[in-house]
Each structure stands twice: as structure tokens, then as C-alpha cells.
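Participant: Provided below are the primary sequence and the corresponding predicted coordinates.
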Amino acid sequence: MTKPSIGELLNGVATSLRESVLPEIPSGPTRRQLQVAIAIIRRVALVWDKVAPYLYLDNKDIEQTAIRICALLDRGQVILEGIDPGVLRRRLNEKEMESRSPQIDYPMWDALAARNIELQQILVNFQEALHAPALQTASVPARADRDEIAAMLQALFRRMLARELEVNAPPNRAGRLA
């Protein structure tokens with residue numbers, strides 16, 4: 001790990017701009033632009049060091065949930081239009097292996113981000129298939145499986161939101177309300 005971290009470096013730049021450069025700039029548009037730039041740098045610094053672990057955990061959670069949904073679909077009670085569990089399972093395993101560099105165990109940031117976009121599309125496909133008209137009039141066992149899949153997705157979305165909040169929550173500073 002590099003010390004200082006990228007987030008620490010960005011915070012240092014923001015502090016330097018605020019303390020050294022900003023006082024030298026008179027009121028007006030240039031000063032306001034610099035103030036906005038400092039705020040943006042601070043915002044990026046806040047999340048920079050957290051983004052890769054967040055994406056990694058999010059990707060793993062989505063993959064595991066999708067695999068559990070595939071297992072449920074394998075029972076054959078419910079069919080989600082446009083979703084083949086075997087093909088999806090192979091796609092999940094192949095892509096997960098492709099996102100890793102042969103030298104390291106942890107995927108590169110750009111691979112994590114690209115994978116997250118792919119997995120988000122799988123979630124969209126699940127959601128659309130769950131709301132297809134055919135499932136609304138399905139048999140009782142199929143509706144039960146559909147409800148179980150919906151519950152899995154809802155729990156996944158809650159976990160994803162909790163992780164998102166951890167990444168984007170401002171640091172709790174003494175004297176500030178949490």
C-alpha cells in the first residue's frame with residue numbers, strides 16, 4: 001500500500017489550495033471556481049480509497065445472489081423470460097475469472113467497474129423478467145419461487161445501499177451531528 005494513499009494526497013492538495021492559493025485570489029468567479037474545485041477534490045478524496053473494495057464486495061454479492069437465483073430457476077417451477085440459468089452461471093464464472101490479473105488475486109479497478117456494470121444489467125434483466133405478465137398469472141409454486149427471487153433481490157439491494165452509504169457517508173467528526 002502506498003503511503004500517503006491517493007485519498008490522503010488529494011486531501012493534501014485541497015488543503016494546500018485552500019490555505020495557500022485561495023487567500024491570494026480576490027472575490028469573483030475565479031475564486032468561486034477554485035472553491036468548487038476544492039470541494040470536488042475533497043469529495044473524491046473521501047471516496048477514492050473506498051471505491052475498489054466497495055465494487056469488489058458489490059460484485060461478489062451480486063454474483064452470489066445471481067447464482068442462488070439460478071439454483072432456484074433450476075428447480076423449474078418458475079421461468080424468467082430471457083434468462084437461461086446455465087448460460088448465466090457460465091457467464092458469471094467466466095467473467096469473474098477474466099477480471100483477475102494472472103499476477104494478483106485482486107481485480108484491477110477498471111475490471112471491477114466494468115464487471116459492476118455487467119452485473120447491474122443482470123439485475124435489470126431479473127427485475128424485468130420478474131414483472132413479466134406471464135409471471136403474474138403463474139401457478140402457485142411458480143409465484144412462490146418468484147416471490148423468493150424478489151425477496152433475494154430486495155435483500156441484495158438493501159446490502160448494496162448499505163455499502164453505498166458506507167462509501168459516501170462523510171467522516172464523523174467530533175462536534176458534528178452524525
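Facilitator: Received, thanks.

Participant: alpha carbons only for contacts and neighbour counts from here, please
Facilitator: Fine.

Participant: Any idea how many residues pack against Leu17?
Facilitator: Other residues within reach of Leu17, judged by other CA atoms under 10 Å, total 16.

Participant: Which residues lie in contact with the residue nearest to it when sequence neighbours are not counted in this structure?
Facilitator: Of all residues beyond its chain neighbours, the one nearest Leu17 is Ile38 (7.1 Å), with distances taken as CA to CA, 6 or more residues apart in numbering. Applying CA atoms under 8 Å, 6 or more residues apart in numbering, one finds that Ile38 lies in contact with Ala14, Leu17, Arg18.

Participant: what's the spacing between the second one and Arg163?
Facilitator: As defined by CA to CA, to the nearest Å, Leu17 lies at a distance of 31 Å from Arg163.

Participant: Then Ile25?
Facilitator: From Ile25 over to Arg163 the distance is 39 Å, taken as CA to CA.

Participant: neighbour count winner among the two?
Facilitator: The neighbour comparison of Ile25 against Arg163 (other CA under 10 Å) goes to Arg163, with 17 against 13.

Participant: where's the more buried one, which helix or strand?
Facilitator: Per DSSP states H and E, Arg163 falls inside helix 140-168.

Participant: in the protein, which helix has the most residues?
Facilitator: helix 29-74 (DSSP state H).

Participant: quick one: it to helix 140-168, angle?
Facilitator: Comparing the axes of helix 29-74 and helix 140-168 via axes from the mean of the first three to the mean of the last three CA atoms, to 10 degrees yields an angle of 150 degrees.

Participant: and helix 29-74, average pLDDT?
Facilitator: Throughout helix 29-74, pLDDT has a mean value of 91.

Participant: now stretch 112-124
Facilitator: In this model, stretch 112-124 has a mean pLDDT of 92.

Participant: for stretch 92-102, same thing?
Facilitator: Predicted confidence along stretch 92-102 averages 57 (mean pLDDT).
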